[in-house]
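# Let's see this in three dimensions:
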Amino acid sequence: MVMEESETPRSPEAKLGMQVEDLWDVQEPQLSPTDKLNACFESIPVSAFPHAPLSQVIEISSDTSLAEAVKLLARHKVLSAPVVDVKAPEDASWIDRYIGVVEFAGIVVWILHQSEKLEGSSAFESAMNGSEVDIGPAVAAAAASGMSSPRFKSMHPDSPTATCGKFFETLTSSDFYKNTKVGDISGSFRWAPFLALQKANSFLTMLLLLSKYRMKSVPVVDLGEAKVDNIITQSAVIHMLEECAGLHWFESWGSKKLFELGLPLMKSSHIVKVYEDEPVLQAFKLMRQNGVGGVPVVASGGSKAVGNISIRDIQFLLMAPEIYNEYRSITAKNFVTTVRRYLEENQNESPFLSGMVTCKKDDTLKEVITKLDSMKIHRIYVVDEDGNLEGVITLRDIISKLVHEPRGYFGDFFDGVLPLPANSRV
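Numbers count the residues shown, from 1 in each chain. Predicted coordinates for the structure are as follows:
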């Protein structure tokens, strides 16, 4: 549907798109389309971006337990949240008020890091045999791949590394898990330092942070209130783009086919994947090692994907551990099948139920944006006519095709990123 110039915007995002349209029309004709968009977005303050739903602008106190943090992230359907230092004075500036961002990726880093300290199996075996023991860091380590431990180097599904079905129920009922505070895993903030924008910063700055600089979300702070006023996510930007369908600036870009834009950026030979018979925690280890937010689950011995596991899906190991009790080991296939059944039985809406969402490289970018936005997912897999993987496209990839970073653009901007707390203990 083409949006007429005189038409009332159907949403705040569409209104913003029309503002870009007005700026687009007055740009110098000799500029390239990308340079035009750069100029348009540099002229719009980030304060113009529509506010996220109040339920998604949350803060988590540094003394919140890890268990409660996982529940909060899942309940509010967000990947991350700013962490407020409970020791900061009431009149603290925003720089002193926030110490980082807790996110599912950071929680995975923490859990996997415990595995690197695992030195033996006696505690693990006691827990698996139902002994009354308090789980400490060594046993929590079995919640991860354990590949750094000489005792647990095997990745065969029958090995302790794979973790038997009852392990996570034992882990999440332990005092160790319940009593670990968000502030205790602050070292994992190396994945997500508290890097915020002020309302006067430009749209271009925000788009570059969400693409080239790999941030999943960007907090916008109110200097007067010294607190977060809005949180802009990659998903919110994709939704804005979908709402701009019909506008000239969007159609000139979005009507191009994927291969014309050089997408997918990640080709089939470089896709990080997990095979269906591998331990599910191998999927999360691969995400950590490669800095990606999800991996396809591939049929053993083949190249066809049968499912997708995202970083946020770690919540299903921590919040519903009892659903895996029947399994000797939790493989990637077991995980996908069991979580799907759990969500369907409980009538819970989740992007997980979208399954394996695919496209073809001759699809238009507009078509892909519509799929990503309507299904509330963060990646789409490019397949050939036979269903074999040819690549993957993420939200970040799409945003990166919208703008580019001018030479010397950020200057000393990143000097304000806070260092890790001195007492962090990941």
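# Per-residue pLDDT of the closest residue to G291 other than its chain neighbours, please?
Ranked by CB to CB, 6 or more residues apart in numbering and with sequence neighbours excluded, the top spatial neighbour of G291 is R214, at 7.5 Å. Any C-beta I mention is one placed from the backbone N, CA and C, and that applies to glycine too. Confidence at R214, expressed as pLDDT, is 89.
# shouldn't R214 be in contact with V292?
No - when contacts are counted by CB atoms under 8 Å, R214 is not listed as touching V292 (10.2 Å).
# more crowded one of those two?
Neighbours per residue (other CB atoms under 10 Å) separate R214 from V292, with V292 holding more: 18 against 13.
# what sits against that one?
When contacts are counted by CB atoms under 8 Å, 6 or more residues apart in numbering, V292 touches V272, L286.
# Then M287?
A105, V108, V272, G293, G294, V295, I311.
# quick one: the residue nearest to G291 from Q315, how far?
Using CB to CB, to the nearest Å, one obtains 22 Å as the distance from R214 to Q315.
# just I377 next, same as before
Using CB to CB, we find I377 at a distance of 16 Å from Q315.
# follow-up on the earlier one: and the residue nearest to G291, backbone torsions?
Dihedral pair for R214: phi 60, psi 20, per degrees, to the nearest 10.
# cool, and S252?
phi -70, psi -20.
# again, but for L353
For L353, the backbone dihedrals (degrees, to the nearest 10) come out as phi -70, psi -10.
# can you check the one 5 residues further on too?
Recorded main-chain torsions at T358 are phi -130, psi 170, according to degrees, to the nearest 10.
# Next secondary structure after the host helix or strand of L389?
Element membership of L389, judged by DSSP states H and E, is strand 389-394. Elements were assigned by DSSP H and E; along the chain past strand 389-394, the next helix or strand is helix 395-400.
# which outside residues touch that next one?
For helix 395-400, contacts defined as CB under 8 Å, 6+ apart pick out 207, 210-212, 214, 234-235, 237-238, 241, 263-266, 365, 368-369, 372, 378-379.
# Output it in CSV, but only the C-alpha positions, please.
In CSV, the C-alpha atoms belonging to helix 395-400 read as follows (Å, rounded to 0.1, in the frame of the first residue of the first chain):
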residue,chain,number,x,y,z
LEU,A,395,18.1,-7.5,12.1
ARG,A,396,21.6,-6.0,12.4
ASP,A,397,22.4,-6.9,8.8
ILE,A,398,19.3,-5.1,7.6
ILE,A,399,20.0,-1.9,9.6
SER,A,400,23.6,-2.0,8.4
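# How far off centre is it?
Relative to the centre of its chain, helix 395-400 is centred 13 Å away, using CA atoms, centre = their mean, to the nearest Å.
# picking that back up, do you know how far the residue nearest to G291 is from F176?
Between R214 and F176 the distance, using CB to CB, works out to 32 Å.
# what do you get for L79?
Distance, L79 to F176, using CB to CB: 25 Å.
# Flag every buried residue along stretch 365-384.
365-366, 368-373, 377-383 (16 or more other CB atoms under 10 Å).
# Could you identify the most distant pair in these?
D373 and V383 (20.1 Å; CB to CB).
# Out of the contacts of M287, show me where the pLDDT dips lowest.
Within the contacts of M287, lowest confidence goes to V108 (79).
# Could you tell me how many residues sit around it?
V108, neighbours per other CB under 10 Å, totals 23.
# Give the closest residue to it in space, chain neighbours not counted.
Nearest one to V108, counting by CB to CB, 6+ apart, is F284 at 5.0 Å.
# what's the answer for P296, then?
Nearest non-adjacent residue to P296 (CB to CB, 6+ apart): A305, at 3.9 Å.
# Return the backbone torsion pair for the one you found.
Dihedral angles (degrees, to the nearest 10) for A305: phi -80, psi 140.
# that older thread, now do the residue nearest to G291 against L265, distance only.
13 Å.
# what does K401 give?
9 Å.
# Comparing those two, which residue is more hemmed in?
K401 (19 against 16).
# Filter the contacts of M287 down to just the ones in helices.
Mapping the contacts of M287 onto helices (DSSP state H) picks out A105, V108.
# Give me the subset of the contacts of M287 that lies in strands.
G294, V295 (DSSP state E).
# Of the contacts of M287, which is the nearest to E13?
Distances from E13 to the contacts of M287, taken by CB to CB, are shortest for G293, at 23.1 Å.
# The helix or strand hosting V102 pairs with which strands?
Element membership of V102 [criterion: DSSP H and E] is strand 98-103. Its sheet considered, strand 98-103 pairs with strand 80-84 (antiparallel) by DSSP bridges.
# quick check: mean pLDDT across the partner strand?
93.
# so what's G293 closest to, chain neighbours aside?
Ranked by CB to CB, 6+ apart and with sequence neighbours excluded, the top spatial neighbour of G293 is I311, at 4.8 Å.
# Next: K199.
Leaving out its chain neighbours, the residue that sits closest to K199 by CB to CB, 6+ apart is S47, at 3.8 Å.
# tally of neighbours for that neighbour?
Other residues near S47 number 16, with proximity taken as other CB under 10 Å.
# Looking at the buried residues of stretch 365-384, which are in strands?
R379, I380, Y381, V382, V383.
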